[in-house]
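J.: no sequence on hand, only this structure:
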């Protein structure tokens, strides 16, 4: 059965998958006090969540997923979760921030990466951003990308980006969606999309993740 996600009571339907029940309860209660997010379920293992998705249930719009769990880890759970609910956005929410885990999570299809030190407001903003097409990262994770991939800047390798395009690249690196960028810069959604296509062509990249990595590596943004 091809399952699709939808909003529940006009709120974004969220599942939490984390083996610490007290954390799940506290976070779910905090999310449910917001005007935009509803945590409809929390589960203490990836296996439970995968099994639930294999039943005839309404899949979540967003999954907040821990990494270190018994049995199937969060990273190993990304692919089967996506297979059973391809429309769901997966945001890692974890205490672990090693480069290898970040890279592997994103490679397997995670849509964002947050640390458990994030405030509830930050988590809610990240959920909203992911649904709007953004790629939310903890600010310290963004710095990790910069530190890991930054290289010697070739003064001639500006890729002919305009100042406006450089500004949009910076906002993409901060995890903003196309809609959020259009609102921030007071330009239309279609104008941002046009800039995005031109930026992708100039840098010869095909994904937002590839754009951010290359921009930091080439020091196109500081």
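T.: Done, it's in. Computed from a prediction, not measured in an experiment: that's the story for all the values here. Numbering: from 1, shown residues only.

J.: where does the protein dip in pLDDT?
T.: 1-9, 142-157, 222 (pLDDT under 70).

J.: per-domain residue ranges of the chain.
T.: Domain assignment for the chain by automatic domain parsing gives 12-138, 150-217.

J.: most neighbours per residue, which of those?
T.: Looking across those with neighbours counted as mean count of other CB atoms under 10 Å, the highest average goes to domain 12-138: a mean of 19. C-beta: built from backbone N, CA, C; applies to glycine.

J.: mind listing the helices for the protein?
T.: 21-31, 46-54, 74-84, 99-107, 120-131, 139-149, 163-173, 178-185, 189-203, 208-217 (DSSP state H).

J.: make TSV out of the ones you listed and add distance to residue 66.
T.: Listed next are the helices of the chain as TSV, based on distance: least, CB to CB, whole Å:
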stretch	distance to residue 66
helix 21-31	8
helix 46-54	9
helix 74-84	5
helix 99-107	11
helix 120-131	13
helix 139-149	15
helix 163-173	25
helix 178-185	26
helix 189-203	32
helix 208-217	21
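
J.: nearest to residue 39, out of these?
T.: Shortest distance between residue 39 and those, using CB to CB, is found for helix 21-31: 3.9 Å.

J.: how about residues contacting the closest one?
T.: Here helix 21-31 makes contact (CB atoms under 8 Å, 6 or more residues apart in numbering) with 14, 16, 18, 37-39, 42, 44, 64, 116, 120, 123-124.

J.: tabulate those (CSV), appending distance to residue 192.
T.: As requested, those are exported to CSV (distance: CB to CB, whole Å):
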residue, distance to residue 192
14, 27
16, 32
18, 35
37, 25
38, 29
39, 31
42, 35
44, 40
64, 27
116, 32
120, 28
123, 25
124, 23
